[in-house]
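Q: Give me a model of this one.
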Amino acid sequence: MGNVSHEQANLLLRLFELRREPRLREARKFVIDHLETSSPEAMMKQCSPGTENNASLRMVLSYWDMCAGIVNRGLIDEEFFFENSGEQMVVWEKLKHIIPGIRAQFKNPAFMVNLEQHATRMVAWREKNAPGSVEALKAYLEQSRAAAKAAGN
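A: Just a heads-up that it's a prediction; the model follows:
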């Protein structure tokens with residue numbers, strides 16, 4: 001285990017306080033429970049510019065990419081962050097297959113790169129510390145997608 005300073009612990013607590021903000025909480029619920037990610041086009045249709053869905057998507061993506069950037073730069077001990085978080089994996093797993101298309105569309109190869117790098121290391125950490133948990137998460141997300149599709153969502 002890495003040494004975690006009081007400053008790092010306080011920063012982690014501050015990031016979790018931000019997650020509790022009502023509008024961000026609502027946005028996180030939308031992205032996790034309702035965001036359609038079968039293709040960049042489907043997502044853009046559901047989250048067209050100027051809509052609440054678009055604002056929700058941007059809030060969640062910028063929040064988790066910011067958090068990942070903080071961890072990637074060593075401002076919070078990575079293992080400490082991994083031990084105390086997991087939602088970023090859900091967000092990444094939902095979106096990773098469409099990120100290349102979004103990067104190409106907007107000619108921005110750096111879009112969500114902090115989260116991508118962070119999630120890659122988190123997968124390795126989870127496989128070491130909780131073998132099978134990543135596959136269980138993927139199976140859960142697939143079941144959730146199938147249930148939402150069957151319900152017409």
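Q: can you pull the contacts of residue 99?
A: Taking CB atoms under 8 Å, 6 or more residues apart in numbering, we find residue 99 in contact with 111, 112, 116. Where C-beta positions appear, they are placed from N, C-alpha and C, glycine not excepted.
Q: residues in contact with the closest residue to residue 109 other than its chain neighbours?
A: Of all residues not flanking residue 109 in the chain, residue 103 sits nearest, at 5.4 Å (CB to CB, 6 or more residues apart in numbering). Contact analysis of residue 103 by CB under 8 Å, 6+ apart lists 109, 111, 112.
Q: Helices of the chain, residue ranges please.
A: The residue ranges that make up the helices of the chain, judged by DSSP state H, are 6-19, 22-33, 40-46, 52-72, 78-83, 87-95, 99-105, 113-129, 133-150.
Q: which parts of the second one are buried?
A: The neighbour-count criterion (16 or more other CB atoms under 10 Å) identifies 27, 28, 30, 31 as the buried residues of helix 22-33.
Q: That one versus helix 133-150: what angle between them?
A: Note on geometry: by axes from the mean of the first three to the mean of the last three CA atoms, to 10 degrees, helix 22-33 and helix 133-150 are set 90 degrees apart in direction.
Q: okay, helix 22-33 in PDB with CA atoms only?
A: Taking only C-alpha atoms (Å, rounded to 0.1, in the frame of the first residue of the first chain), the coordinates of helix 22-33 have been written out as PDB:
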ATOM      1  CA  PRO A  22     -27.700  17.000  -6.700                       C
ATOM      2  CA  ARG A  23     -27.200  17.900 -10.400                       C
ATOM      3  CA  LEU A  24     -24.200  15.700 -10.800                       C
ATOM      4  CA  ARG A  25     -25.900  12.900  -9.000                       C
ATOM      5  CA  GLU A  26     -28.800  13.200 -11.400                       C
ATOM      6  CA  ALA A  27     -26.400  13.300 -14.400                       C
ATOM      7  CA  ARG A  28     -24.600  10.200 -13.100                       C
ATOM      8  CA  LYS A  29     -27.900   8.300 -12.800                       C
ATOM      9  CA  PHE A  30     -28.700   9.200 -16.400                       C
ATOM     10  CA  VAL A  31     -25.400   8.100 -17.800                       C
ATOM     11  CA  ILE A  32     -25.300   4.800 -15.800                       C
ATOM     12  CA  ASP A  33     -29.000   3.900 -16.100                       C
END
